[in-house]
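K.L.:
Sequence and predicted structure, then a few things I'm wondering about:
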2 protein chains.
Amino acid sequence: MIPSNWYNIVPDLPSPPPPPLHPATRQPIGPEDLAPLFPAELIAQEVSTERYIPIPQEVLDVYRLWRPTPLIRAHRLEKSLGTPARIYYKYEGVSPAGSHKPNTAVPQAYYNAKEGVRLLTTETGAGQWGSSLAFACAQFDLECQIWMVKASYEQKPYRRSLMKVYGGTVHASPSTVTNAGSKVLADDPDSPGSLGIAISEAVEVAASTPDARYALGSVLNHVLLHQTVIGEEALAELPEMPDLVIGCTGGGSNFGGLVFPFMREKLAGNLRTEFRAVEPAACPSFTRGTYAYDFGDTAGLTPLMKMHTLGHDFVPDPIHAGGLRYHGMSPLLSHMYELGLFTAVTRSQRECFEAGVRFARTEGILPAPEPTHALAEAIAEALRCKETGEEKVILTALCGHGHFDLGAYDRYLAGDLEDFTLPQERIDEALTHLPG
Amino acid sequence: MIPSNWYNIVPDLPSPPPPPLHPATRQPIGPEDLAPLFPAELIAQEVSTERYIPIPQEVLDVYRLWRPTPLIRAHRLEKSLGTPARIYYKYEGVSPAGSHKPNTAVPQAYYNAKEGVRLLTTETGAGQWGSSLAFACAQFDLECQIWMVKASYEQKPYRRSLMKVYGGTVHASPSTVTNAGSKVLADDPDSPGSLGIAISEAVEVAASTPDARYALGSVLNHVLLHQTVIGEEALAELPEMPDLVIGCTGGGSNFGGLVFPFMREKLAGNLRTEFRAVEPAACPSFTRGTYAYDFGDTAGLTPLMKMHTLGHDFVPDPIHAGGLRYHGMSPLLSHMYELGLFTAVTRSQRECFEAGVRFARTEGILPAPEPTHALAEAIAEALRCKETGEEKVILTALCGHGHFDLGAYDRYLAGDLEDFTLPQERIDEALTHLPG
């Protein structure tokens, strides 16, 4: 059953996360600072201290197109591993855009439409978020403009096509549509773009266009809030409670969405579940980053957020898990990590694809590169259980399918896929640019 | 709930379909003629007169990975059309390979494995069937070799990659692996291949390799039999019985699988449902073909089957619905069409893609080009209901997603997609080559 409420973990934490700061004044920002970019109801959710926020009927009516998502016991994977562990996965790839992203795209489009907004702008890297927002805007008759990092725009034409099928307008970023983009192109006509530049373009158009706002697909509290439908459904559907919940982390929305409802039960003393975040070895913000105030974007336009960061101008190596290539981490999850509420590990690219192929051959579903990080960790844990004989119950979220990532699988099968090592100097160097 | 039996419509028909004939003797073929290509249990199913055939537990255990599939009321599509009709769709795109094909690939792999077969061979055009069989073979530890029409092999690298991820071996056809392929290449080193050539290659290897057999993805009785899980589930799940069931037809497995259980109820006097097949205007075997004995393949290697055919060397124009580009039609469905048990209509390419885009923007799911034929017809019917005020209940099968067909959607959105007209002379000419 689809939950009727989103769950806000903030009031259940032993202490609240540190507030975002205005970059000029270093004072906590207020709702008025966010009003040019977000509608009032999303700003209210961003700072809410209510435990439960009702999901509007109009949002539930769209969620019904794919929710509740399947919760599946990985019998065939378990058998291939010969493990006594029991592995469950919540499969979010059944959504229209093929990942968990529409869980937040839909309410974001809804609240914007409700407050009279006519145009939503956003950036997208590989295109998962852009296609989710284009779909959501089609549901509420909103115009959608997406700045897609030019390198991906050219390498992933099918994701771009999907956004257009949903009615979105896709710009290769940097574009000549904005001052920010034009400036970059004047300096470097061949710029391949970056998420930082694309954010600047989307924000510029939202801030300077009447009835336009901006939408973000991860990191912020209201985004993680909307994703809690994943964990709430899993909690209700599981025939046994997990000993371990594993999720991949980029900006944190998949991990938060899966984990928060189980964390609530643990904080209330009802569960003893362990939680483990898995990040790419090429972008290890929890395990090798620092906990400090930093910008959310490369260009330094956003408020300062206290988070685990590799430095806002850190450029991760080009792993295929594009959704995990973010220099920072959700401030809320960063705070919880500091409180010791979960642990984090890294996995490198080739072992992730190895896990993805094993999963496809046993469970049938081709996973996106992002959740293969969680699968690699779940498989390693299941193999540890094989050694010890422990019948551990493991839950993970399969947050998307890999139908648009087969080029990467091809390279893996051909033995051409890189593992990247990340020298400490690259992190140290980027961290010297943290805002004073 | 997943059904426990497949439903065989043959014993419920007023008369049985005409038997396949040996091309040399013109006598009905016997099981021994098929033994080099198929395992005994599938041959028995091909000619069975039992109404119900139990689905083996081992097959049910794999079906569970995606079955039962969702049955969805298209509320948002209905609203966008302003129709009083109620439209339901059974969504088969949630399967591992993304279409209804695994419903038969899995039992075919199972029965072959059970009888000691080690290698299954097949042909594939666009790749839907090949990836389904590769997945099914991975489930039962069978080797899988697939001959993929070279034009598609080069144009659709992602479908090829998916077969490899599942562990299949993919040959571009014509290949130098077989005599048939080598012969074609000797005559024309640049041959783009065809389904007919690919069938010859797969059959040659199956017939000449110990412990190898061949698998076919549509047309034959046992294939349609396995697909009846679609209709049985829909029959049990629908909150109201359909006035009209619409399905697209290529070789007939999607249409048969959806329709047969409802047809059983109609033949028993329990329903008044109408049934309508939709074929591409570019390949209209029901509506413009003839009902005659013909070969199943272009090269003339198969038994003669009485069916609606455009002639075994008819080459359909290159519409993007590759799964509907077949010169013939299931002999069982052809017989039922002659009995007047359903009607058939055609839809042209552009109106199908228009329906696909409308469906994606309302229901969220991007349909494969094949089921857009059924959607175009369902939408036209719903608009007729809008004129008349009739609250007709319409059911269709959305037999696959279009994640690998976005290049075609791109061309449609750019206004570059062709509509093909099929001159009568092309059909007349091909029909002069019918086996005497």
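P.N.:
Looks like it arrived, so ask away.

K.L.:
the bottom helix or strand of chain A by mean pLDDT?
P.N.:
One helix or strand of chain A scores below all others by mean pLDDT, DSSP states H and E: helix A:150-155, with a mean of 86.

K.L.:
helices or strands next to that helix in the packing?
P.N.:
The contact analysis (3 or more CB pairs under 8 Å, 6 or more residues apart in numbering or on different chains; DSSP states H and E) places helix A:150-155 against strand A:169-173. The C-beta positions use only the backbone N, C-alpha and C, and glycine is treated the same way.

K.L.:
Just give me how far the least confident helix or strand of chain A sits from the chain centre.
P.N.:
Remark: helix A:150-155 is offset 20 Å from the chain centroid, using CA atoms, centre = their mean, to the nearest Å.

K.L.:
who touches the helix or strand following that helix?
P.N.:
Sequence-wise, the next helix or strand downstream of helix A:150-155 (DSSP states H and E) is helix A:157-165. Helix A:157-165 has contacts (CB atoms under 8 Å, 6 or more residues apart in numbering or on different chains) with A:97, A:124, A:126-128, A:130-131, A:134, A:144, A:146, A:148, A:152-153, A:170, A:404, B:357, B:360-361, B:366, B:403, B:406-407, B:409-410, B:413.

K.L.:
Any quick ChimeraX command for the buried ones out of the residues you listed?
P.N.:
Applied in ChimeraX, the following selects the buried portion of the contacts of helix A:157-165 according to 16 or more other CB atoms under 10 Å in any protein chain shown:
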select /A:97,124,126,127,128,130,131,134,144,146,148,152,153,170,404 /B:357,360,361,366,403,406,409,410,413
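
K.L.:
what does the stretch 51-200 of chain A have sitting close to chain B?
P.N.:
Proximity of the stretch 51-200 of chain A to chain B, by CB under 8 Å from any CB of the partner chain, involves residues A:61-62, A:65-66, A:72, A:75-76, A:94-96, A:98, A:102, A:135, A:138-139, A:157-158, A:161-162, A:164-167.

K.L.:
Could you pick out the buried ones from the residues you listed?
P.N.:
Buried subset of those (neighbour count, 16+ other CB under 10 Å): A:62, A:65-66, A:72, A:76, A:94-96, A:98, A:102, A:135, A:138-139, A:158, A:161-162, A:164-167.

K.L.:
residue boundaries of the strands in the stretch 301-436 of chain A?
P.N.:
Per DSSP state E, counting those that start in this stretch, the stretch 301-436 of chain A carries strands over the ranges A:304-309, A:343-347, A:393-398.

K.L.:
Please export the C-alpha coordinates of the least confident helix or strand of chain A as PDB.
P.N.:
Output of helix A:150-155 as PDB, limited to C-alpha atoms (Å, rounded to 0.1, in the frame of the first residue of the first chain):
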ATOM      1  CA  LYS A 150      26.800  18.800 -22.900                       C
ATOM      2  CA  ALA A 151      29.100  15.800 -22.700                       C
ATOM      3  CA  SER A 152      26.100  13.700 -21.600                       C
ATOM      4  CA  TYR A 153      23.800  15.400 -24.100                       C
ATOM      5  CA  GLU A 154      26.000  14.100 -26.900                       C
ATOM      6  CA  GLN A 155      26.800  10.700 -25.300                       C
END
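
K.L.:
which residues touch that helix?
P.N.:
With CB under 8 Å, 6+ apart as the criterion, helix A:150-155 contacts A:124-127, A:159-160, A:170, A:172-174, A:191-193, A:322.

K.L.:
Pull the number of nearby residues for A:Leu42.
P.N.:
A:Leu42: 26 surrounding residues under other CB atoms under 10 Å in any protein chain shown.

K.L.:
for it, helix, strand, or coil?
P.N.:
Put simply, A:Leu42 is helix when judged by DSSP: H, G, I helix; E, B strand; the rest coil.

K.L.:
Give me the distance between it and A:Leu216.
P.N.:
Plainly put, A:Leu42 is 10 Å away from A:Leu216 if you go by CB to CB, to the nearest Å.

K.L.:
So which elements touch the helix or strand containing A:Thr287?
P.N.:
Per DSSP H and E: A:Thr287 is located in helix A:285-288. Counting contacts by 3+ CB pairs under 8 Å, 6+ apart, helix A:285-288 packs against strand A:274-280, strand A:304-309, strand A:343-347.

K.L.:
ok, 6 Å please
P.N.:
Using 3 or more CB pairs under 6 Å, 6 or more residues apart in numbering or on different chains; DSSP states H and E, the elements in contact with helix A:285-288 are strand A:343-347.

K.L.:
got the angle between the strand it packs on and strand A:304-309?
P.N.:
Orientation check (axes from the mean of the first three to the mean of the last three CA atoms, to 10 degrees): strand A:343-347 against strand A:304-309 gives 60 degrees.

K.L.:
returning to what we had before: looking at the strands of the stretch 301-436 of chain A, which is nearest to A:Asn270?
P.N.:
strand A:393-398 (15.1 Å; CB to CB).

K.L.:
contact partners of that closest one?
P.N.:
Contact partners of strand A:393-398, identified using CB atoms under 6 Å, 6 or more residues apart in numbering or on different chains, comprise A:85-91, A:230, A:240, A:242-247, A:254, A:258, A:367, A:371, A:374, A:378, A:381.

K.L.:
and what of stretch A:310-322?
P.N.:
Against stretch A:310-322 from outside (CB under 6 Å, 6+ apart): A:125-126, A:280, A:282-283, A:285, A:289, A:294-295, A:298, A:325, A:327, A:349, A:369-370, A:408, A:420, A:427, A:430-431, A:433.

K.L.:
Give me the ChimeraX select line for those, limited to the buried ones.
P.N.:
To isolate the buried members of those in ChimeraX, using 16+ other CB under 10 Å:
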select /A:125,126,280,282,283,285,289,294,295,298,325,327,349,369,370,408,427,430,431
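
K.L.:
If you drop the residues flanking it in sequence, what lies closest to A:Ala74?
P.N.:
A:Ile87 (4.2 Å; CB to CB, 6 or more residues apart in numbering or on different chains).

K.L.:
how much space is there between that neighbour and A:Leu375?
P.N.:
9 Å.
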